[in-house]
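# got a predicted structure plus its sequence, pasted below:
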Amino acid sequence: MPRLWLTYALMTVVSWGLYGFFLHGGQLGMSDPANGRYKAFLWVGIAYFVIAIVGPAGFLVANGASWTMPAKGIVWSLIAGSVGAIGAFCVLLAFGAKGHPAVVMSIIFAGAPIVNAVVALAVHPPAGGLSTLRWQFYLGIFLAACGGMMVTLYKPGPAPPPASSGQQ
């Protein structure tokens, strides 16, 4: 399958797109307004253990892989896991601070690609410098920011009251 990477990328989009919905449901399902988000995150951690430890370990065993791992790879991987877990925890904190799930997740998924692009460009600048980036790249960054802003400004909610015509 020549575009297998795209299939996996789209599976990630679906998984992460559903993440906030299910996480919010877990928080509410705990029936504990004060600590439900922390209880939900505990179970997220258990799910991560099952999927992120048992799954790869099974693949490594099945592939007869060496268990030798360089310290550099371990450190970067621990950092990646830590920032992911911090982000997941902050999602719950945002929900707990009365952030609407549709808005919280839209801001995250509009802002995260912008952060990724800035960091990637800082660490791996293009040959010839930033001036070699095409206008479409900048437009994409702008549209991502606009998307997050528009979802925040026009979030789902009750319909506004009808405008009065001034007549009584």
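It's in.
# in stretch 92-106, what's buried?
Residues of stretch 92-106 classed as buried: Leu92, Ala94, Phe95, Gly99, His100, Pro101, Ala102, Val103, Val104, Met105, Ser106 (neighbour count, 16 or more other CB atoms under 10 Å). In this view, the C-beta of every residue, glycine as well, is placed from N, C-alpha and C.
# list the contacts of Gly45.
Going by CB atoms under 8 Å, 6 or more residues apart in numbering, Gly45 touches Ala85.
# so it versus Ile53, what's the distance?
Using CB to CB, to the nearest Å, we find Gly45 at a distance of 11 Å from Ile53.
# counting only helices, which of the buried residues of stretch 92-106 make the cut?
Among the buried residues of stretch 92-106, the members falling in helices (DSSP state H) are Leu92, Ala94, Phe95, Pro101, Ala102, Val103, Val104, Met105, Ser106.
# quick one: residues contacting the fifth one.
Remark: with contacts taken as CB under 8 Å, 6+ apart, Ala102 is in contact with Val151, Lys155, Pro156.
# let's see it at 10 Å
When contacts are counted by CB atoms under 10 Å, 6 or more residues apart in numbering, Ala102 is found next to Gly20, Phe21, His24, Val151, Thr152, Lys155, Pro156, Gly157.
# before we move on, what about the fourth one?
Neighbour list for Pro101: 20-25, 27-28, 91, 94-95, 155-156 [criterion: CB under 10 Å, 6+ apart].
# before we move on, what about the third one?
Remark: with contacts taken as CB under 10 Å, 6+ apart, Phe95 is in contact with Gly20, Leu23, His24, Gln27, Leu28, Gly36, Arg37, Ala40, Pro101, Val104, Met105.
# hmm, back to that, most widely separated two among the contacts of Pro101?
Phe22 and Lys155 (19.5 Å; CB to CB).
# among the contacts of Phe95, which pair sits farthest apart?
Pairwise distances among the contacts of Phe95 were taken by CB to CB; the largest, 18.0 Å, belongs to Gly36 and Met105.
# any weak-confidence spans in the chain?
Low-confidence segments of the chain (pLDDT under 70): 1-2, 159-160, 163-168.
# would you mind giving the domain segments of it?
Following the assignment in automatic domain parsing, the chain carries domains at 11-99, 100-156.
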